[in-house]
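Participant: Need coordinates for the following:
(one chain, ligands or ions: 1)
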Amino acid sequence: MQVYFLGTGTSQGIPVIGSNHPVCKSTDLKDKRLRVSVWITWDDNSIVIDCGPDFRQQMLTSECHRLDAILFTHEHADHTAGLDDIRPFFFRQKKDIPIYGHKRVLENLKTRFDYIFKTENKYPGAPGVETFEVKNNQEFTIGNTKITPINVNHGNLTVFGYRIQDFVYLTDVKSIDDSEFEKLRGVKVLVVNALREESHHSHFSLQDALDFIHLVQPERAYLTHISHLMGFHEEIQQRLPANVYLAYDNLKITL
Ligand SMILES: [Zn+2]
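Facilitator: Below you'll find the predicted structure:
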């Protein structure tokens, strides 16, 4: 399995428009972060988790040429706003693109991208999707592979993370119920969000994320959904435990 970090930034991306913050001014490419997403390939499968406003650029840069599915974590714009840009995949693959998400998320997308979901008098240039509702404690399959949704809390909102084999991707987590920890047992690579050092009402801080990683005990952990307020990549990375890495855009890892 290969995991390609398409974007590792928080909702505004880094640099933030108009910001004079030193991290926004950094020339280190690892300090430039598009909105959060990963592209995962294994066997014959090619999927992304989330599809934010930078999706088009991410597909071009990563040279992703086929999209079998999108798994959505939740409906916030930094995770969904790029949905229209699945058009080239839809046209080339000549079939509706499967999208997976919580019922609430699918309903939200139907409102915001009504033209995509239209069944009558649909504009010919619009893409098509096939929706699959993700339910907590209900595994589903892509190809022949089992996918386990993991229920986490993003402030008051329920967000899904996903486990694929020994890989777990969790973003926009502030807390996780004890009942979900069973689903994390034996994970080799854990991706989890860490916004900044200071605490936040709906996101793990750096310390929250490190405490969580300590509980889960993966072989390796990668931090994502990072704000410019975290600081410079180079400096933060040096302070992290040996098996914890600050992810950065275009990082590729193999499991
Ligand atoms: Zn987010």
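Participant: Roughly how far does Gln217 sit from the ion?
Facilitator: 26 Å (C-beta to the ion, to the nearest Å). (Glycine included, C-beta is placed from N, CA and C.)
Participant: Make residue 1 into 164 and carry on from there
Facilitator: Yep, numbering from 164; the last one is Gln380 now.
Participant: That residue: neighbouring residues, count only.
Facilitator: The number of residues packed near Gln380 is 13, by other C-beta atoms under 10 Å.
Participant: Run the chain-centre distance for stretch 172-179.
Facilitator: 14 Å (C-alpha atoms, centre = their mean, to the nearest Å).
Participant: ditto for stretch 328-344
Facilitator: 12 Å.
Participant: what is the mean pLDDT for that stretch?
Facilitator: Averaging pLDDT along stretch 328-344 gives 96.
Participant: And for stretch 350-360?
Facilitator: Stretch 350-360 carries an average pLDDT of 96.
Participant: End to end on it, go ahead and measure it.
Facilitator: Stretch 350-360 has its terminal residues 25 Å apart, counting by C-alpha to C-alpha, to the nearest Å.
Participant: near the ion, anything from that stretch?
Facilitator: No. On the criterion C-beta under 5 Å from the ion, stretch 350-360 is out of touch with the ion, staying 7.8 Å away.
Participant: Stretch 199-213 now?
Facilitator: No. Stretch 199-213 is not in contact with the ion by C-beta under 5 Å from the ion; minimum separation 6.0 Å.
Participant: how about the residue in the stretch 264-413 of the chain positioned nearest to the ion, what does it touch?
Facilitator: Closest residue of the stretch 264-413 of the chain to the ion, C-beta to the ion: Asp335 (4.6 Å). Shown here is Asp335, whose contacts under the criterion C-beta atoms under 8 Å, 6 or more residues apart in numbering are 236-237, 239, 242, 315, 317, 322, 356, 365-366, 388.
Participant: Make CSV out of these and add neighbour count and secondary structure.
Facilitator: Formatted as CSV, the contacts of Asp335 follow (neighbours: other C-beta atoms under 10 Å; DSSP: H, G, I helix; E, B strand; the rest coil):
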residue, neighbour count, secondary structure
Thr236, 29, coil
His237, 21, coil
His239, 20, coil
His242, 25, helix
Val315, 24, strand
His317, 20, strand
Val322, 26, strand
Asn356, 28, strand
Ser365, 16, coil
His366, 22, coil
His388, 27, coil
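Participant: follow-up on the earlier one: excluding its backbone neighbours, what's nearest the residue of the stretch 264-413 of the chain closest to the ion?
Facilitator: Leaving out its chain neighbours, the residue that sits closest to Asp335 by C-beta to C-beta, 6 or more residues apart in numbering is His317, at 4.2 Å.
Participant: which residues does the most centrally placed residue in the chain bridge with?
Facilitator: Centroid-nearest residue in the chain: Ser200, 3.7 Å away (criterion: C-alpha atoms, centre = their mean). On the basis of DSSP bridges, Ser200 is bridged to Gly170.
Participant: repeat for the one 4 residues further on
Facilitator: Note on Thr204: beta-bridge partners Gln165, Ser209, judged by DSSP bridges.
Participant: what's the closest non-adjacent residue to Ser365?
Facilitator: For Ser365, ignoring the flanking residues on the chain, the nearest one in space by C-beta to C-beta, 6+ apart is Gly318 at 3.3 Å.
Participant: Can you read off the pLDDT for the residue of the chain most remote from its centre?
Facilitator: Going by C-alpha atoms, centre = their mean, the residue of the chain most distant from its centre is Asn284, 33.0 Å out. Note for Asn284: predicted pLDDT of 90.
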